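# got a sequence here, can you model it:
(2 chains)
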Amino acid sequence: MRRALAGVADFVVGDDLWTAVAVVVAVVATALVLRAGVDAWWLLPVAVPLAVLRSVTRASGA
Amino acid sequence: MTGDLLLVLGSALASGVEVVEAATIVLALGMSRGWRAPLLGSAAALGVLAVAIAAVGPALERIPIDTLRLVVGTLVLLFGLQWLRKAILREVGVLSKHDEDAAFAQEVARARVTGRAHGSLDRYSWTLAFKSVLLEGLEVVFIVLTLGVNQGSIPLAASGAVVAAVAVGAAAVLVRRPLSRVPENALKFGVGVTLTAFGTFWAAEGAGAEWPGGDAALLALVALTAAWSLLFVRVVRVRAA
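Numbering: from 1, shown residues only, chains lettered A, B, ... in the order given. As a prediction, this is how the structure comes out:
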């Protein structure tokens, strides 16, 4: 069971846990900001590229 | 309409890419050890994948749409970012590109030295073809199910995947060579962009957001995601130089 869950996690998350965590935090933040009454459709389109930029610059050592 | 077109495009691109990789192994087996076992193994794997879609699809359709979009949208976004991140890193040379000719040569060499058990069916070829098609196909099934169920049409998503799979598979059989001229990384880039855009759209909608322009925002997200991805390729290249 544990191996199956690890396999599913690897299938979805891959080898970059930080980006996955950042994306999940951004989705949760979007939901919370929306509940506070702010129209936050823009939050994910801003957060996602920032997470990817950090990931690819770190991976490339740039 | 826009969403449906992108749905077909996304599943077709993903299916095409995965079929290229699976076809390389099936071709290597067929040309070095005979066609019967690898074709039977591939057919068996396609049968398992079809059963998976038929079994899981209706179960997913029973989940409330907002919950589905939030959870599955986030999963699609994470999955798409894996494709996109790797495509960017391959484009700038940090990761090596998949070489179908090398993979084919390696598989042919391995197939030729592996012994053949007595019997009517070549078990080595059957098993390897089955595993390859099943593993490559699982990603396509994931994409077809998640895109299809969120967009409200699993058959439409599946049709895109099937058409692309048949086209690429037929091309591989006709030329009887690995499809090394297929711009694999560009296709993977396209899959990453499409999945990331769909995932962003659904995850935000599932969280309660309303996109300006409705479904047309999806097209804008595809363009935006493609733009920042290409920009990041340049940024990493310049900073690494």
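
# quick one: pLDDT of A:Ala62?
A:Ala62 is assigned a predicted lDDT (pLDDT) of 61.

# got the residues of chain B near chain A?
Within chain B, the positions lying close to chain A (C-beta under 8 Å from any C-beta of the partner chain) are B:70, B:73-75, B:77-79, B:81-82, B:84-85, B:88-89, B:92, B:94, B:138, B:142, B:196, B:200, B:203-204, B:207-212, B:217, B:221, B:224-225, B:228-229, B:232, B:235-236, B:239-240. No exception for glycine: its C-beta is placed from N, CA and C like everyone else's.

# return the set of buried residues in the helix or strand in which B:Leu60 is found.
Element membership of B:Leu60, judged by DSSP states H and E, is helix B:36-61. Neighbour counts over helix B:36-61 (16 or more other C-beta atoms under 10 Å in any protein chain shown) mark B:37-42, B:45-46, B:49, B:52-53, B:57 as buried.

# what sits against residue 22?
I'll assume chain A. A:47, A:50-51, A:54 (C-beta atoms under 8 Å, 6 or more residues apart in numbering or on different chains).

# sorry, I should have been clearer: chain B.
B:42, B:132-133, B:136-137.

# so which of these wins on neighbours?
Highest neighbour count within the contacts of B:Ala22: B:Val133, with 28 neighbours (other C-beta atoms under 10 Å in any protein chain shown).

# low-scoring stretches of chain B, by residue?
B:1, B:117-119 (pLDDT under 70).

# could you pull out the helices for it?
Counting by DSSP state H, the segments of chain B that form helices are B:2-33, B:36-61, B:65-91, B:100-113, B:123-151, B:154-175, B:184-206, B:216-240.

# who in chain A is up against chain B?
Residues of chain A found near chain B (C-beta under 8 Å from any C-beta) are A:11-14, A:16, A:19-20, A:23-24, A:27, A:30-31, A:34-35, A:39-41, A:43-45, A:48-49, A:51-53, A:55-57, A:59-62.

# re earlier: could you flag which of the residues of chain B next to chain A are buried?
B:70, B:73-75, B:77-79, B:81-82, B:84-85, B:88-89, B:92, B:94, B:138, B:142, B:196, B:200, B:203-204, B:207-209, B:211, B:217, B:221, B:224-225, B:228-229, B:232, B:235-236.

# give me the number of neighbouring residues for B:Gln106.
14.

# nearest residue to the middle of chain A?
A:Val23 (1.5 Å; C-alpha atoms, centre = their mean).

# got the angle for whatever helix or strand that one lives in vs helix B:65-91?
Using DSSP H and E, A:Val23 sits within helix A:17-35. Angle of helix A:17-35 versus helix B:65-91, following axes from the mean of the first three to the mean of the last three C-alpha atoms, to 10 degrees, is 140 degrees.
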